[in-house]
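[1] Could you look at this predicted model? Sequence included:
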Amino acid sequence: MERGLRRVAVLGDADTERLHEVLAGRFEVHLQDPTSTAAGQDVDAIVTACASDVELETALLGPQGYLSRERKGLLLVDVSPVSEALSREIDEAARRAGVHYLRAPLTVGPGEGGAQAYTAMVSGPREDYERALELLEALASKIVWLGAGEEARAMTRVLDVMTGVSMAMWAEALVFGEAVGLDWREMLEVMQTSAIGSPVIQSHTSLVATRDFGSSHGCEQMVQRLGDALAHGKTTGTVLTLTGMAHQMYLGALAHGRASEGLAAIIPWLEKAAGTNPGDGRTVTR
């Protein structure tokens, strides 16, 4: 555990261009085929950045996955926003393979001068966290170690709840504003600069103004993530009333063919449910 980190590999299809860029300034960044028997032998750490549970599960736990053979001493830092259930499977497989596993999902918010600022929510053994600190500092401007287990995954669910409820509130308010005759763009402009104009709303405003309801985070993903949060709420006895309502709204959008669209896909679904006519030549993206 005393050996430093010098050679790093990045796997996955999520944000890989940025990850390569920020890591290249401090480490030797290697491209590898995870199914190769030689993969992991010439690097000190692997950073996995996957867009979904399925992608990460295939890369790490599949028949030819990274953790299907022994890689003693390797550090695995996963920045993907995946479920606790999958993370526990990865932890077990990592232990069998002799790999040190650190959960470090990233969240992004506004930084200085309009730039994006990344926060790493980290959990795993403290000694692995300390070993990975230089790597984490390259990935994020703020790092919070939350505990030795799955706390980082739980924190992502907390943020999912905030995101889902915020977007549901915004969508409902927009449709209500349409119904009472407010101009679409003027309404969005006021909302964006208001006290409740959160970063997640602000990041979607320019697209929604043109009735583009796509984003990097999909409607289908939000259904899964809010469902996970509700499941945890049941096991802990936590009342998640607003989360349940937001989940139903996203389920409705999903059922009406908007799985491939983004978090704002609930807006046109609510318009359809309310019988609201977008008007003014605007076209709902389908």
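    Cool, the structure landed.
[2] When you work out contacts or count neighbours from here on, use the C-alpha atoms and nothing else.
    Fine.
[3] Could you pull up the residues touching the closest residue to Glu28 other than its chain neighbours?
    With C-alpha to C-alpha, 6 or more residues apart in numbering as the criterion, Glu28 has its nearest non-adjacent residue at 4.7 Å, and that residue is Arg7. Residues in contact with Arg7 (C-alpha atoms under 8 Å, 6 or more residues apart in numbering) are Phe27, Glu28, Val29, His30, Asp42, Val43, Asp44, Ala45.
[4] now with 7 Å?
    Phe27, Glu28, Val29, Val43, Asp44, Ala45 (C-alpha atoms under 7 Å, 6 or more residues apart in numbering).
[5] Format these as TSV; extra columns: neighbour count, secondary structure and distance to Leu230.
    Shown next, in TSV, are the contacts of Arg7 (neighbours: other C-alpha atoms under 10 Å; DSSP: H, G, I helix; E, B strand; the rest coil; distance: C-alpha to C-alpha, whole Å):
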residue	neighbour count	secondary structure	distance to Leu230
Phe27	17	coil	40
Glu28	15	strand	42
Val29	20	strand	39
Val43	18	coil	39
Asp44	18	coil	38
Ala45	26	strand	34
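[6] Okay, now the unreliable bits of the stretch 51-200 of the chain?
    Along the stretch 51-200 of the chain, the parts satisfying pLDDT under 70 run over 111-115.
[7] How is the chain partitioned into domains?
    7-148, 154-274 (automatic domain parsing).
[8] List phi and psi for the residue nearest to Glu28.
    phi -110, psi 120 (degrees, to the nearest 10).
[9] how near is it to Leu75?
    Going from Arg7 to Leu75 by C-alpha to C-alpha, to the nearest Å gives 11 Å.
[10] And Ser166, how close does it get to Ala246?
    With C-alpha to C-alpha as the criterion, Ser166 and Ala246 are 9 Å apart.
[11] More neighbours: these two, which one.
    Ala246 (23 against 19; other C-alpha atoms under 10 Å).
[12] For the more buried one, give me its contacts.
    Ala246 neighbours (C-alpha under 7 Å, 6+ apart): Gly164, Val165, Ala168.
[13] Repeat that for His30.
    Per C-alpha under 7 Å, 6+ apart, neighbours of His30: Val8, Ala9.
[14] make it 8 Å
    Arg7, Val8, Ala9, Val10, Val43.
[15] now the helices for the stretch 1-150 of the chain?
    16-24, 53-61, 84-97, 126-131, 133-139 (DSSP state H, counting those that start in this stretch).
[16] Quick one: distance of the shortest one to the chain centre.
    For helix 126-131, the gap between its own C-alpha mean and the chain's C-alpha mean amounts to 23 Å (C-alpha atoms, centre = their mean, to the nearest Å).
[17] name the helices or strands packed onto that helix?
    strand 100-103 (3 or more C-alpha pairs under 8 Å, 6 or more residues apart in numbering; DSSP states H and E).
[18] which helices and strands does the strand it packs on pack with?
    Against strand 100-103 (3+ C-alpha pairs under 8 Å, 6+ apart) you get strand 75-78, helix 84-97, strand 116-123, helix 126-131.
[19] As JSON lines, those with mean neighbour count would be great.
    JSON lines is the format used below for the helices and strands packed on strand 100-103 (neighbours: other C-alpha atoms under 10 Å):
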{"stretch": "strand 75-78", "mean neighbour count": "26"}
{"stretch": "helix 84-97", "mean neighbour count": "17"}
{"stretch": "strand 116-123", "mean neighbour count": "20"}
{"stretch": "helix 126-131", "mean neighbour count": "17"}
